[in-house]
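Novice: kindly return the folded structure for what I paste below:
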Amino acid sequence: MHIGQVIYALRREKGLTQEALALAAETATSNLSRIEKGQRRPSGALLERLASALGTSVTAIYASLEGITETAAQSTVEPLQATDFTRDAVQLRQGFRELTPENQRLTLEFVRMLQRLQRETAAG
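Specialist: A predicted model of the protein is given here:
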């Protein structure tokens, strides 16, 4: 995983286009695109501007890159996986946020059911 994947995931979760984030961070869209693809690493100053525009901190970005996140409500450290930053995972989180609270609850119940079925299939 590279820092660009974290920036990409955060940008998508915030519903920002590359153009909007690049403008807010005072960089070229092409530069942001190369960063997200892992072709270029942002300077410290640019990373600070990107973090600010994304409503997070440089520390949180690096923590995500290292595979940890601090859950404020639980004050625990939870490991992340590279799959947490795939396009599908980002779209899933975006779609979930757009659901009503009732549909979010139903979605979680459905996921738990799929997990149980998967465990039963693997065990049986």
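Novice: flag the shaky bits of this structure, pLDDT-wise.
Specialist: 68-83 (pLDDT under 70).
Novice: what about 50?
Specialist: Within the chain, the segments meeting pLDDT under 50 span 70-77.
Novice: can you list the domain ranges for it.
Specialist: 1-80, 86-124 (automatic domain parsing).
Novice: in stretch 112-119, what's buried?
Specialist: Of the residues in stretch 112-119, none count as buried by neighbour count, 16 or more other Cβ atoms under 10 Å. The way it works is simple: take the backbone N, C-alpha and C, and place the C-beta from them, glycine included.
Novice: any idea how far it is from the chain center?
Specialist: 24 Å (Cα atoms, centre = their mean, to the nearest Å).
Novice: what does it contact?
Specialist: Residues from elsewhere that reach stretch 112-119 (Cβ atoms under 8 Å, 6 or more residues apart in numbering): none.
Novice: just use 342 as the starting number from now, easier for me
Specialist: Yes, from this point I'll number from 342; that puts the last item at stretch 453-460.
Novice: can I get that stretch in PDB, CA atoms only?
Specialist: The C-alpha trace of stretch 453-460 is given here as PDB (Å, rounded to 0.1, in the frame of the first residue of the first chain):
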ATOM      1  CA  ARG A 453     -23.400 -10.700   9.600                       C
ATOM      2  CA  MET A 454     -25.600 -13.300   8.000                       C
ATOM      3  CA  LEU A 455     -23.100 -13.700   5.100                       C
ATOM      4  CA  GLN A 456     -20.300 -14.000   7.600                       C
ATOM      5  CA  ARG A 457     -22.100 -16.800   9.400                       C
ATOM      6  CA  LEU A 458     -22.900 -18.600   6.200                       C
ATOM      7  CA  GLN A 459     -19.300 -18.300   5.100                       C
ATOM      8  CA  ARG A 460     -18.000 -19.800   8.400                       C
END
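Novice: one step back: which of the domains of the chain is buried the deepest?
Specialist: Ranked by mean neighbour count, these are led by domain 342-421 with a mean of 16 (mean count of other Cβ atoms under 10 Å).
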